[in-house]
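Participant: Sequence and predicted structure below; questions after.
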Protein chains: 2
Amino acid sequence: MMRQLFNLSAFAALACGLILTMNLNAETEKPKDDEARLLRHVVLFKFKADATKEQLQEIVDEFGKLPEKIDAIEKYEAGLNNSPEGRSKGFTHCFLVTFKDEKGRDEYLPHAAHQEFVQKVIPILDDVLVVDYWTRE
Amino acid sequence: MMRQLFNLSAFAALACGLILTMNLNAETEKPKDDEARLLRHVVLFKFKADATKEQLQEIVDEFGKLPEKIDAIEKYEAGLNNSPEGRSKGFTHCFLVTFKDEKGRDEYLPHAAHQEFVQKVIPILDDVLVVDYWTRE
């Protein structure tokens, strides 16, 4: 009975340690094991005041087509800012692109389809912000 | 046979329409059905130059405890910016908090645990950026 309890405690301690390690990794650095990690790519757009509704929709549509054109994109989502906090600094569009790893990002950034898209956005873009970070599924 | 083919075509057209509608919704507005929607809350922090490494780690740790304290948080992830593009405007920390809906966000923003966290961050915070958007699972 005591040995069973001891084994159980040891297992629980190990499990807690593992969970703790996983959380710390997710928050601060590249996870150690390659399997579960994901590289997020957050892109915020602020458009020029004279950009038309149709132009903005075209940009959203064109960005939305990149996952079909670029294999490195594992996941894609996008939406319009609706935060009630007033801390968006004029950024209205958010895009969350997910890669498996830096190799995926290295394929994406110079990819012809991405570069073609960038050239379409630039004329109506007032500002852009990009941050990438490691996370887990 | 012809009727079967017709039915199949009608079904395919309907399915395509449904998928198209879902994609457009995901990109531009609140999805129509409540089941599959998620509200993302993107928070970027830029810390004061004299903030210590220990202070930054404490903030990351404290933010990471909010999901245990606030039921409205459906998902949480966080990481350090590692974008090679140089477009992060000095924001170094990204947090992605997910709610089911505005009700979840309305619970989160004024929640005592969140407000307590905010008071801890403010003294070492140089800048903050927040955007929220609707997406699908």
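Facilitator: Yes, it's here.
Participant: how about the residue nearest to A:Thr92 when sequence neighbours are not counted, phi and psi?
Facilitator: Nearest non-adjacent residue to A:Thr92, counting by CB to CB, 6 or more residues apart in numbering or on different chains: A:Asn81, 5.3 Å away. C-beta here means a position set from N, CA and C on the backbone, and glycine is covered the same way. Dihedral pair for A:Asn81: phi -60, psi 130, per degrees, to the nearest 10.
Participant: and A:Asn81, how far is that from A:Gly64?
Facilitator: Per CB to CB, to the nearest Å, A:Asn81 is found 17 Å from A:Gly64.
Participant: now swap in A:His114 and tell me
Facilitator: For A:His114 relative to A:Gly64 (CB to CB), the value is 13 Å.
Participant: same check, this time on A:Lys120
Facilitator: Per CB to CB, A:Lys120 is found 13 Å from A:Gly64.
Participant: next one: A:Thr92
Facilitator: 16 Å.
Participant: which regions of chain A lie under the pLDDT threshold?
Facilitator: Residue ranges of chain A with pLDDT under 70: A:1-35.
Participant: And the residue nearest the centre of it?
Facilitator: Residue closest to the mean C-alpha point of chain A, counted by CA atoms, centre = their mean, is A:Arg40 at 2.6 Å.
Participant: Am I right that it is in a strand?
Facilitator: Yes: counting by DSSP: H, G, I helix; E, B strand; the rest coil, A:Arg40 is part of a strand.
Participant: How many residues are close by the residue nearest to A:Thr92?
Facilitator: 19 (other CB atoms under 10 Å in any protein chain shown).
Participant: what does A:Arg105 give?
Facilitator: A:Arg105: 20 neighbours (other CB under 10 Å).
Participant: Does it touch A:Asp132 like I think?
Facilitator: Yes: counting by CB atoms under 8 Å, A:Arg105 does reach A:Asp132; the two are 6.9 Å apart.
Participant: which neighbours do those two share?
Facilitator: The overlap between the contact sets of A:Arg105 and A:Asp132 (CB atoms under 8 Å, 6 or more residues apart in numbering or on different chains) consists of A:39, A:41.
Participant: Of A:Lys120 and A:Gly64, which one has the most company?
Facilitator: Neighbours per residue (other CB under 10 Å) separate A:Lys120 from A:Gly64, with A:Gly64 holding more: 18 against 15.
Participant: Was I right to think the more buried one contacts A:Ala78?
Facilitator: Yes: when contacts are counted by CB under 8 Å, A:Gly64 is listed as touching A:Ala78 (6.6 Å).
Participant: so is A:Tyr133 in a helix, a strand, or just coil?
Facilitator: Assigned by three-state DSSP, the conformation of A:Tyr133 is strand.
Participant: so what's A:Lys120 closest to, chain neighbours aside?
Facilitator: Nearest to A:Lys120 is A:Glu62, by CB to CB, 6+ apart, at 6.0 Å.
Participant: repeat for A:Tyr133
Facilitator: Closest to A:Tyr133 by CB to CB, 6+ apart is B:Gly79, at 2.8 Å.
Participant: hmm, back to that, if I pick the residue nearest to the centre of chain A, what's in contact with it?
Facilitator: Taking CB under 8 Å, 6+ apart, one finds A:96-98, A:132-135, B:77, B:79, B:94, B:96 in contact with A:Arg40.
Participant: can I get those in TSV with neighbour count?
Facilitator: Listed next are the contacts of A:Arg40 as TSV, based on neighbours: other CB atoms under 10 Å in any protein chain shown:
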residue	neighbour count
A:Leu96	18
A:Val97	26
A:Thr98	18
A:Asp132	22
A:Tyr133	26
A:Trp134	22
A:Thr135	20
B:Glu77	20
B:Gly79	26
B:Cys94	24
B:Leu96	18
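Participant: and those residues as TSV, adding distance to A:Asp126?
Facilitator: Output for the contacts of A:Arg40, formatted as TSV (distance: CB to CB, whole Å):
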residue	distance to A:Asp126
A:Leu96	21
A:Val97	21
A:Thr98	26
A:Asp132	22
A:Tyr133	24
A:Trp134	29
A:Thr135	29
B:Glu77	29
B:Gly79	27
B:Cys94	22
B:Leu96	24
